[in-house]
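In: Here's my sequence, what's the structure:
(one chain, ligands or ions: 2)
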Amino acid sequence: MLNTLIVGASGYAGAELVTYVNRHPHMNITALTVSAQSNDAGKCISDLHPQLKGIVDLPLQPMSDITEFLDGVDVVFLATAHEVSHDLAPVCLAAGCVVFDLSGAFRVNDPAFYEKFYGFTHQHADLLAQAVYGLAEWNHDKLKEAQLIAVPGCYPTAAQLSLKPLIDADMLDLNQWPVINATSGVSGAGRKAALSNSFCEVSLQPYGVFNHRHQPEIATHLGADVIFTPHLASFPRGILETITCRLKPGVTQAQIADLFKQTYGNKPLVRLYDKGVPALKNVVGLPFCDIGFAVQGEHLIVVATEDNLLKGAAAQAMQCANIRFGYAETQSLI
Ligand SMILES: NC(=O)C1=CN([C@@H]2O[C@H](COP(=O)(O)OP(=O)(O)OC[C@H]3O[C@@H](n4cnc5c(N)ncnc54)[C@H](OP(=O)(O)O)[C@@H]3O)[C@@H](O)[C@H]2O)C=CC1
Ligand SMILES: CC(=O)N[C@@H](CCC(=O)OP(=O)(O)O)C(=O)O
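Out: Ligands and ions are numbered 1, 2, ... in the order given. Predicted structure coming up:
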């Protein structure tokens, strides 16, 4: 049994991890923690997230010093804000734990990126170099050896799963940067109340135009520039990305279909559409990324959907953990 600590368990991604870890046959929850000053300290997780009632009724423990929670712990999931993960991950690693960080704190091996896009000075260049990027379908071998896994952002997961095979197979004319138009539900912004995320404020609007931190995350890991425009829409969860690209002359629909099948045919958490394109409702609550596409002449449109809290966060973290420890990739997820 892997003794497993979930930090930030009261949040949206944390609560999903609680479900997954609880039903994992080889994992055991040691504690669920929140910040020392949390309004939810001492509350039962299932009072906050009643879907867990009768399944996990553990308390949320206030945490001022994480070392008090690390005795005998094998695995730590950090479902915390970037700066919090940045500070906690080194402590967990020093205690010998394998760390799955859902934040952006270790995703890009470039301290200047954090200064510019995250607004803080990264203190752990060594860990940036050591962290394995947890795009699970692509980093299987590195994940098996990893101590620190940086689980990708929600938008970057769907974008990279769609574009990486095409770019690696040299099928795109990258003189036209792929254009990723992405729409997310409000849970993408986390559980904390904010005016910009409140019911009457949210409609449908682009944000972070030309400056969202996921643009450089996507471009760095793809090794190609992209235009990325996120939109916030008035539904609770899910992401749909419509990605427009130009094909190299002569590339056909059949070649793209073959490429996606070769790449993901044996990957259980990516579902390919033979016909048509996916809709959000078919992935919400599920750990998949669904991908469909259409071609007209040299133009390609790929559509990808996922649940931002699952394949975009908690499910991918668990998928990485399954790979890391040699369990079936879908263990506890399906
Ligand atoms: N929501 C999404 O779709 C996705 C989120 N992510 C990333 O995952 C992480 C979690 O996101 P999300 O679940 O949405 O966030 P939430 O805001 O919903 O949850 C954050 C959690 O962290 C806790 N927390 C805050 N400060 C500390 C601290 N110092 N020590 C311990 N716990 C703390 C909060 O509790 P309290 O404040 O009460 O202490 C809460 O439990 C973030 O880094 C986010 O960027 C990644 C992909 C998708
Ligand atoms: C709707 C919404 O606000 N979404 C978040 C993305 C959440 C996520 O995946 O991202 P990180 O882990 O990189 O923070 C945003 O745009 O900041």
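In: Quick one, grab the pLDDT at the one residue in the stretch 1-150 of the chain that gets nearest to ligand 2.
Out: Relative to ligand 2, the nearest point of the stretch 1-150 of the chain is residue 104 (4.1 Å; C-beta to the nearest ligand atom). Just so you know, the C-beta spots here come from the backbone N, C-alpha and C atoms, and that holds for glycine as well. pLDDT for residue 104: 98.
In: list the contacts for it?
Out: 82, 118, 150, 153, 213, 217 (C-beta atoms under 8 Å, 6 or more residues apart in numbering).
In: got it, and residue 271?
Out: 278, 288, 289, 290, 291.
In: And for residue 38?
Out: Contacts of residue 38 by C-beta under 8 Å, 6+ apart are 10, 60, 62.
In: Equivalent analysis for residue 136, please.
Out: 143, 269, 316, 319, 320, 323, 329.
In: rerun at 6 Å
Out: 316, 319, 320 (C-beta atoms under 6 Å, 6 or more residues apart in numbering).
In: Show me the contacts of residue 38 that map onto strands.
Out: If you go by DSSP state E, the contacts of residue 38 have 60, 62 in strands.
In: quick one: which of the contacts of residue 38 is nearest to ligand 1?
Out: Distance to ligand 1 across the contacts of residue 38 (C-beta to the nearest ligand atom) is lowest for residue 10, with 3.6 Å.
In: Surely the closest one touches residue 34?
Out: Yes - counting by C-beta atoms under 6 Å, residue 34 is a contact partner of residue 10 at 5.1 Å.
In: Who does the residue lying closest to residue 182 once chain neighbours are set aside form a beta bridge with?
Out: For residue 182, ignoring the flanking residues on the chain, the nearest one in space by C-beta to C-beta, 6 or more residues apart in numbering is residue 241 at 4.3 Å. Going by DSSP bridges, residue 241 is paired in beta bridges with residue 182, residue 304.
In: again with the one 5 residues further on
Out: Going by DSSP bridges, residue 246 is paired in beta bridges with residue 299.
In: ok, it touching residue 175?
Out: No - under the criterion of C-beta under 6 Å, residue 246 is not in contact with residue 175, lying 7.5 Å apart.
In: Those two: who's more crowded?
Out: Set residue 246 next to residue 175 and count neighbours by other C-beta atoms under 10 Å: residue 246 wins out with 18 against 6.
In: And the more buried one, how far from ligand 2?
Out: In this view, residue 246 and ligand 2 are 27 Å apart by C-beta to the nearest ligand atom, to the nearest Å.
In: repeat for residue 173
Out: 29 Å.
In: residues of stretch 318-333 that come out buried?
Out: Residues of stretch 318-333 classed as buried: 318-325, 327, 329, 331-333 (neighbour count, 16 or more other C-beta atoms under 10 Å).
In: can you put those in TSV and add distance to ligand 2?
Out: What follows is those, written out as TSV (distance: C-beta to the nearest ligand atom, whole Å):
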residue	distance to ligand 2
318	16
319	16
320	14
321	17
322	20
323	20
324	20
325	23
327	24
329	21
331	23
332	21
333	18
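In: Looking at those residues, which is nearest residue 310?
Out: Set against residue 310, the nearest of those by C-beta to C-beta is residue 333 (8.1 Å).
In: Now do the same for that closest one: helix, strand or coil?
Out: Assigned by DSSP: H, G, I helix; E, B strand; the rest coil, the conformation of residue 333 is coil.
In: these two touch, right, the residue nearest to residue 182 and residue 158?
Out: Yes - counting by C-beta under 6 Å, residue 241 touches residue 158, with 4.8 Å between them.
In: which one of these two has more residues nearby?
Out: For the pair residue 241 and residue 158, the greater number of neighbours falls to residue 158 (30 against 25), based on other C-beta under 10 Å.
In: Check which helix or strand the more buried one maps to.
Out: helix 154-168 (DSSP states H and E).
In: So for that helix, what gets flagged as buried?
Out: 154-167.
In: picking up where we left off before, filter the contacts of residue 38 by proximity to ligand 1?
Out: residue 10 (C-beta under 6 Å from any ligand atom).
In: how many other residues sit next to residue 199?
Out: 7.
In: SS state for it?
Out: coil.
In: Kindly indicate whether the closest residue to residue 49 other than its chain neighbours is helix, strand or coil.
Out: The shortest distance from residue 49 to any non-neighbouring residue, by C-beta to C-beta, 6+ apart, is to residue 15 (4.4 Å). Assigned by three-state DSSP, the conformation of residue 15 is helix.
In: Tabulate the buried residues of helix 154-168 in TSV, adding columns for distance to residue 44 and pLDDT.
Out: TSV is the format used below for those (distance: C-beta to C-beta, whole Å; pLDDT from 0 to 100):
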residue	distance to residue 44	pLDDT
154	28	98
155	33	98
156	34	98
157	31	98
158	34	99
159	37	99
160	37	99
161	36	99
162	40	99
163	42	98
164	41	98
165	44	98
166	47	98
167	47	98
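In: Many thanks, we can stop here.
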